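Asks: Quick one: sequence plus predicted model below, questions after.
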Number of protein chains: 2
Amino acid sequence: MVLDLSTDVVALTEAVVDVESVSRNEQALADAIEAALRACDHLEVTRLGNSLVARTDLGRGERVVIAGHIDTVPLNDNLPVRNDGTMLHGLGTCDMKGGVAVALKLAAGVRDPNRDITYVFYDCEEIEAVHNGLRRIAEERPDLVEADFAILMEPSDAAIEAGCQGTLRVEVRTHGERAHSARSWKGVNAIHRAGEVLRRLEAYDARRPVVDGLEYHEGLNAVLISGGVATNVIPDEAVVTVNYRFAPDRTEEEALAFVRDFFDGYDVTVTDSAPGARPGLDLPAAKAFVEAVGGEVKPKFGWTDVARFTVLGVPAVNYGPGDPSYAHKADEHVPIEHLRRCEQTLRSWLGAS
Amino acid sequence: MVLDLSTDVVALTEAVVDVESVSRNEQALADAIEAALRACDHLEVTRLGNSLVARTDLGRGERVVIAGHIDTVPLNDNLPVRNDGTMLHGLGTCDMKGGVAVALKLAAGVRDPNRDITYVFYDCEEIEAVHNGLRRIAEERPDLVEADFAILMEPSDAAIEAGCQGTLRVEVRTHGERAHSARSWKGVNAIHRAGEVLRRLEAYDARRPVVDGLEYHEGLNAVLISGGVATNVIPDEAVVTVNYRFAPDRTEEEALAFVRDFFDGYDVTVTDSAPGARPGLDLPAAKAFVEAVGGEVKPKFGWTDVARFTVLGVPAVNYGPGDPSYAHKADEHVPIEHLRRCEQTLRSWLGAS
């Protein structure tokens, strides 16, 4: 598999989409990206697992990270890519191989940028935070991601989306007592008890707080459910995995306290947690980028690694092609116009023609 | 693994229990039983898969089947067997290796019975009916199970339990629409929709009809639940597997009509169905056995292969050691006194000392 970075951004997006890279299966795509980056003599390339970092080192006064994850959610009968002339359709077109292709075009084509750039292509963003490739880089080689500002090319309608919501996952467990299902009154059905957990979730009313002038929108959802021993046994356990997306006015600790209270009376175990990030548009590097790009700044609902950069002290925004409301949907797609506009806007901002 | 059929029924039960034989894993136990039966020159032995049939052929005027399944439900941290002096504890002690051991003792020890006997030891009773070893024998070699009367040694408190309830399994499916869990309002959560399915099950009020003088007790339970795509995706499907145990005054068709009506508005798929059996104590062979055993006759709540014999035209009752309410429970056990009493009662009925 060879990626030709001299082809246009649309064809490059198609090529990247067609290398399937569901989380934990990124090796083939990482290999292809590594080979393409190593062919660029103006970049210094480092690989950690299936993540890649490529840096210019021109001694500029400012350094900017341009980053994107290379993994996708599971297949949903939506590969290979399809180009209808206006849109590219297929798994990852929106989230976020369009952004990855734009970054690859810049990496190969902008040889003499007005700011030093650190390109980051990383794995395992769509699964538990513990596997996240950017987290690994920040832990093992924090020097590689030092910067004055970061742009995450997550889908954001080719406009700036600032901040991000946090994400918390818990397992809510119900307990019962096994018995033969022919004498069910001798046992206690743990799956039936999970009905009350789902009832509370159905009745949940989402908060929509305004933070630094941007309105966020929370969500509390069952994402997995399992339970049962055998088809003739009254089940003694059921597990509902719940994902809470919380606005950046809450800390991780406050989010967990809310969830524990919400499921009062149930056994709640945390499996995953990542903080949100406030919009942070008052920081100088962010202000400058907003002025260069123009347009309305919106809140980011999805969790992104903006939060990870915030923790590292690097101001960061989301800016990338694609309507984020199609991310993780079977019919995800990206407008070709977004791909071209994002590429051109960033080229101009970096001082290339 | 060698089974010594000359040892006493308690030691033999212990030996049979300690050969783990969860459904689909019966081969080791079937091999041991086959070897022990083939050593008895008064029996004609046939093997089909992991099921065994051993027959006397003495030209008696009556032929009786004595049958038991050799599989168990899944392990629940309850092996090896433990003998506390009064009870044997452990997986299968109650359901139904105690009965299997009694039948093995009779097979080896009663060389000259007053009735011809067909012993049946069969596999896959605890899972979907399509795998049932007795069903396979009845389909492939119906001649092997022709008889005037059948005794199933399912646990029944060492007393006669007549008839049995039917069992129906369906999958109740809810549908939704996937979306990124950070923008959950763009999708429809199928797991939340399953809350209403569980709500109906919680509110279910069991029928307890009287059939031929015996009171049955129905049950309608979720036995499995599953749903979800990934921990950041709003799920588009959830599946609740429901087991309906119905009294023998309902046919399979009536049972299904009830369940379809109960889950009106949901997608219902049948995965397994087996009819109940009316008590049938008015039949002469059944009456004679009841007189010989004595005691109160009770209704059988669990589905047993009594129903399969009923369909074949062979009157059948349940009679075996163990309290059936402990079947499929982690703490299942069998009273040693039941093992000895069942063995002695059947030996006497068969004209042996």
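Replies: Yep, it's here.
Asks: Show me which residues of the lowest-mean-pLDDT helix or strand in chain A are buried.
Replies: Using mean pLDDT, DSSP states H and E, helix A:284-293 stands out as the lowest-scoring helix or strand of chain A, at a mean of 84. By 16 or more other C-beta atoms under 10 Å in any protein chain shown, the buried positions in helix A:284-293 come out as A:Ala285, A:Ala286, A:Phe289, A:Val290, A:Val293. Heads up, the C-betas are built off the backbone N, CA and C, glycines and all.
Asks: Would you format the residues you listed as a markdown table with distance to B:Ala222 included?
Replies: Putting the buried residues of helix A:284-293 into a markdown table (distance: C-beta to C-beta, whole Å) gives the following:
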| residue | distance to B:Ala222 |
| --- | --- |
| A:Ala285 | 54 |
| A:Ala286 | 51 |
| A:Phe289 | 53 |
| A:Val290 | 52 |
| A:Val293 | 52 |
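Asks: any idea which of those is closest to chain B?
Replies: Among the buried residues of helix A:284-293, A:Ala286 lies closest to chain B (C-beta to the nearest C-beta), at 21.4 Å.
Asks: My guess is the closest one contacts A:Val317. True?
Replies: Yes. A:Ala286 lies in contact with A:Val317 (C-beta atoms under 8 Å); the separation is 6.1 Å.
Asks: Spit out the residues that contact these two alike.
Replies: In terms of C-beta atoms under 8 Å, 6 or more residues apart in numbering or on different chains, A:Ala286 and A:Val317 are both contacted by the residues A:Ala162.
Asks: got the residue ranges for the helices in the stretch 251-353 of chain A?
Replies: A:252-262, A:284-293, A:306-312, A:336-349 (DSSP state H, counting those that start in this stretch).
Asks: do chain A as well
Replies: A:9-17, A:27-38, A:98-109, A:133-140, A:190-203, A:252-262, A:284-293, A:306-312, A:336-349 (DSSP state H).
Asks: what's the pLDDT at the residue nearest to the spatial centre of chain A?
Replies: Central residue of chain A (C-alpha atoms, centre = their mean): A:Thr304, 4.6 Å from the mean position. With respect to pLDDT, A:Thr304 scores 88.
Asks: now it: how far from chain B?
Replies: 9 Å (C-beta to the nearest C-beta, to the nearest Å).
Asks: List the beta-bridge partners for A:Val120.
Replies: Under DSSP bridges, the beta-bridge partners of A:Val120 are A:Val53, A:Ala67.
Asks: Let me see the contact set for the residue nearest to A:Asp282 when sequence neighbours are not counted.
Replies: Counting by C-beta to C-beta, 6 or more residues apart in numbering or on different chains, A:Asp282 lies nearest to A:Asp212, which is 7.8 Å off, once chain neighbours are set aside. The neighbours of A:Asp212, taking C-beta under 8 Å, 6+ apart as the test, are A:Ala162, A:Gly163, A:Arg278, A:Pro279, A:Gly280, A:Leu281, A:Asp282.
Asks: Most widely separated two among these?
Replies: The span of the contacts of A:Asp212, defined through C-beta to C-beta, is set by A:Gly163 and A:Asp282 at 11.8 Å.
Asks: Look at those two and report which has more neighbours.
Replies: The residue with more neighbours, out of A:Gly163 and A:Asp282, is A:Gly163; 28 against 10, by other C-beta atoms under 10 Å in any protein chain shown.
Asks: right, and that one touches A:Val211 too?
Replies: Yes. Counting by C-beta under 8 Å, A:Gly163 does reach A:Val211; the two are 6.8 Å apart.
Asks: for chain B, what are the nearby residues on the stretch 1-150 of chain A?
Replies: A:Val73, A:Pro74, A:Asn76, A:Asp95, A:Glu126, A:Ile127, A:Glu128 (C-beta under 8 Å from any C-beta of the partner chain).
Asks: what's the farthest-apart pair in those residues?
Replies: Within those, A:Asn76 and A:Glu128 form the most distant pair, 20.1 Å apart (C-beta to C-beta).
Asks: Which of those two has more residues huddled nearby?
Replies: Taking neighbours as other C-beta under 10 Å, A:Asn76 and A:Glu128 compare with A:Asn76 leading, 18 against 15.
Asks: Just give the closest residue to the more buried one, not the sequence neighbours.
Replies: A:Ala330 (4.2 Å).
Asks: and if you look at A:Ala206?
Replies: Excluding the flanking residues, the one nearest A:Ala206 by C-beta to C-beta, 6+ apart is A:Glu218, at 4.8 Å.
Asks: can you put the residues of the stretch 1-150 of chain A next to chain B in JSON lines and add distance to B:Arg38 and pLDDT?
Replies: Output for the residues of the stretch 1-150 of chain A next to chain B, formatted as JSON lines (distance: C-beta to C-beta, whole Å; pLDDT from 0 to 100):
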{"residue": "A:Val73", "distance to B:Arg38": "57", "pLDDT": "96"}
{"residue": "A:Pro74", "distance to B:Arg38": "52", "pLDDT": "96"}
{"residue": "A:Asn76", "distance to B:Arg38": "55", "pLDDT": "94"}
{"residue": "A:Asp95", "distance to B:Arg38": "65", "pLDDT": "97"}
{"residue": "A:Glu126", "distance to B:Arg38": "58", "pLDDT": "94"}
{"residue": "A:Ile127", "distance to B:Arg38": "55", "pLDDT": "91"}
{"residue": "A:Glu128", "distance to B:Arg38": "55", "pLDDT": "84"}
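Asks: which of these are buried?
Replies: The buried subset of the residues of the stretch 1-150 of chain A next to chain B - by 16+ other C-beta under 10 Å - is A:Val73, A:Asn76, A:Asp95, A:Glu126, A:Ile127.
Asks: hang on, A:Glu343 packs against A:Val9?
Replies: Yes. Look at A:Glu343 against A:Val9 with C-beta under 8 Å: they come within range, at 5.0 Å.
Asks: Quick one: residues contacting the residue lying farthest from the centre of chain A.
Replies: Largest separation from the mean C-alpha position in chain A: A:Arg183, at 48.0 Å (C-alpha atoms, centre = their mean). By C-beta under 8 Å, 6+ apart, the residues touching A:Arg183 are B:His217, B:Gly219, B:Phe301, B:Gly302, B:Pro324, B:Ser325, B:Ala327.
Asks: which residues touch the second one?
Replies: It stands for B:Gly219. Contacts of B:Gly219 (C-beta under 8 Å, 6+ apart): A:Ser181, A:Ala182, A:Arg183, A:Ser184, A:Trp185, B:Ala206, B:Asn243, B:Tyr244, B:Arg245.
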